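In: sequence isn't available, so here's the structure alone:
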């Protein structure tokens, strides 16, 4: 076998080894290859997003602000949002609809209460849309929104404003740290 043939075989062998190693890295989810990293649990990431209701109303967006940064799995964002980001790579964009069950949960009727107006602070004029804060017995803060006002009662809703709603997000993965 000539020197030229031996060099060609070595080169072919080296290329085959590189291809196998790349395949192993990709299959294992390794984030060592720039531009090919995919988000996995425990990664700290940055994303741009726009959240919309089913009627197209934008309820939140990072447009005009810095991307949000968080660690996947730390519970800082709703479960469906985290799930949607797993497997994305930097620069990737997607639109996902997250059911209420994976967002802020169902609207719970037991969190809507009607209270006598005299229970509202005297110096406050209650109006629909106002938010009130109260301390629970365990020390946590409860935020309730006034949804109805009559001459004798005020209706308070302690559900999250997005409870019971399916949410659509446009997401762009900006960075994996």
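Out: Nice, I can see it. As the structure is a computational prediction, the values presented were derived from the model and not from experiment. Numbering: from 1, shown residues only.
In: drop to CA atoms for contacts and neighbour counts, all remaining ones
Out: Noted.
In: from residue 90, how far off is residue 155?
Out: Separation of residue 155 from residue 90 (Cα to Cα, to the nearest Å) stands at 46 Å.
In: where exactly do the helices run in the protein?
Out: 3-28, 79-85 (DSSP state H).
In: and the last one, which residues are buried?
Out: When you say that, I think you mean helix 79-85. For helix 79-85, the neighbour count (16 or more other Cα atoms under 10 Å) marks 79, 80, 81, 82, 84, 85 as buried.
In: just curious, which of the residues you listed is nearest to residue 140?
Out: residue 79 (21.9 Å; Cα to Cα).
In: okay, now residue 173: neighbour count?
Out: 21 (other Cα atoms under 10 Å).
In: beta-bridge partners for it, please?
Out: residue 47 (DSSP bridges).
In: what sits against it?
Out: Residue 173 sits next to 45, 46, 47, 48, 85, 88, 89, 90, 91, 92, 93 when contact means Cα atoms under 8 Å, 6 or more residues apart in numbering.
In: for burial, what's the neighbour tally of the nearest residue to residue 108 once chain neighbours are set aside?
Out: Among residues not flanking residue 108 along the chain, residue 159 sits closest, at 6.7 Å (Cα to Cα, 6 or more residues apart in numbering). Number of residues near residue 159 (other Cα under 10 Å) recorded here: 21.
In: do residue 105 as well
Out: Neighbours of residue 105 (other Cα under 10 Å): 17.
In: show me the residue sitting in the middle of the chain in space.
Out: Nearest to the geometric centre of the chain sits residue 81, at 3.2 Å (Cα atoms, centre = their mean).
In: for this protein, just list every one of the strands.
Out: Applying DSSP state E to the chain gives strands spanning 44-52, 58-61, 68-71, 93-98, 112-116, 131-135, 141-149, 153-157, 167-176.
In: and residue 168, how close does it get to residue 128?
Out: Taking Cα to Cα, one finds residue 168 at 27 Å from residue 128.
In: okay then, goodbye and thanks.
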